[in-house]
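Novice: Quick one, what's the 3D model for this:
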Amino acid sequence: MNCEFAGEKIAPFNPSSHDAIEEAISLLRLDKNDLVYDLGCGDARFLIKASIESKAKGIGIEYDPKFHARALANVKANGLSDCVVIKHGDALSCDFSEASALYIYLLPKGIQLLQEKLEHFVKSGGRIASNSEKIRI
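Specialist: As a prediction, this is how the structure comes out:
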């Protein structure tokens, strides 16, 4: 996985609600065979819940050092360090092609900047759940 840190802000920290997380897990149809990426994972609440409920593996990408540290601590506190990996990096330069599913909660600008990658991901069979914006593919 290649995720260089470029530092462009494509989403503010605005935690996903419990209901939004549950809906995304359901829409993504996650199971133990999935690898789900959360681009801009914040405190890792989505990945933690997804791993507990579906047994899917997860990789979170977070550029903000404060939230990266918080996400690492939350994963560890939930005993999921073997299932969920948190990387300090920039979602815009991240190669998520190994994923079977993506969870994103980005500003329209972030989605626009990732549009080509997202289109390729879906055409390759990947599944995406977006908490905030429609993704036109």
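
Novice: what's the least confident helix or strand in the protein, going by average pLDDT?
Specialist: Every helix and strand in the chain was compared by mean pLDDT, DSSP states H and E; the lowest is helix 108-123, with a mean of 91.

Novice: Any buried residues in that helix, and which?
Specialist: Across helix 108-123, burial judged by 16 or more other CB atoms under 10 Å covers 110-111, 113-114, 117-118, 121. Glycine gets a C-beta too; all of them are placed from N, C-alpha and C.

Novice: Stretch 59-70 too?
Specialist: Under the neighbour-count criterion of 16+ other CB under 10 Å, stretch 59-70 has 59-64, 67-68, 70 buried.

Novice: Now tabulate the residues you listed in TSV and tack on pLDDT, secondary structure and distance to Lys76.
Specialist: Shown next, in TSV, are these (pLDDT from 0 to 100; DSSP: H, G, I helix; E, B strand; the rest coil; distance: CB to CB, whole Å):
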residue	pLDDT	secondary structure	distance to Lys76
Ile59	98	strand	15
Gly60	98	strand	13
Ile61	95	strand	18
Glu62	93	strand	15
Tyr63	90	coil	20
Asp64	92	coil	18
Phe67	95	helix	15
His68	96	helix	13
Arg70	97	helix	11
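
Novice: From those, pick the one nearest Leu80.
Specialist: Relative to Leu80, the closest of the buried residues of stretch 59-70 is Gly60; by CB to CB it sits at 11.0 Å.

Novice: Am I right that Glu23 falls within a helix?
Specialist: Yes. Residue state for Glu23 (DSSP: H, G, I helix; E, B strand; the rest coil) corresponds to a helix.

Novice: Touching, Val85 and Ser51? I think so.
Specialist: No. Between Val85 and Ser51 there is no contact under CB atoms under 8 Å: 10.7 Å.
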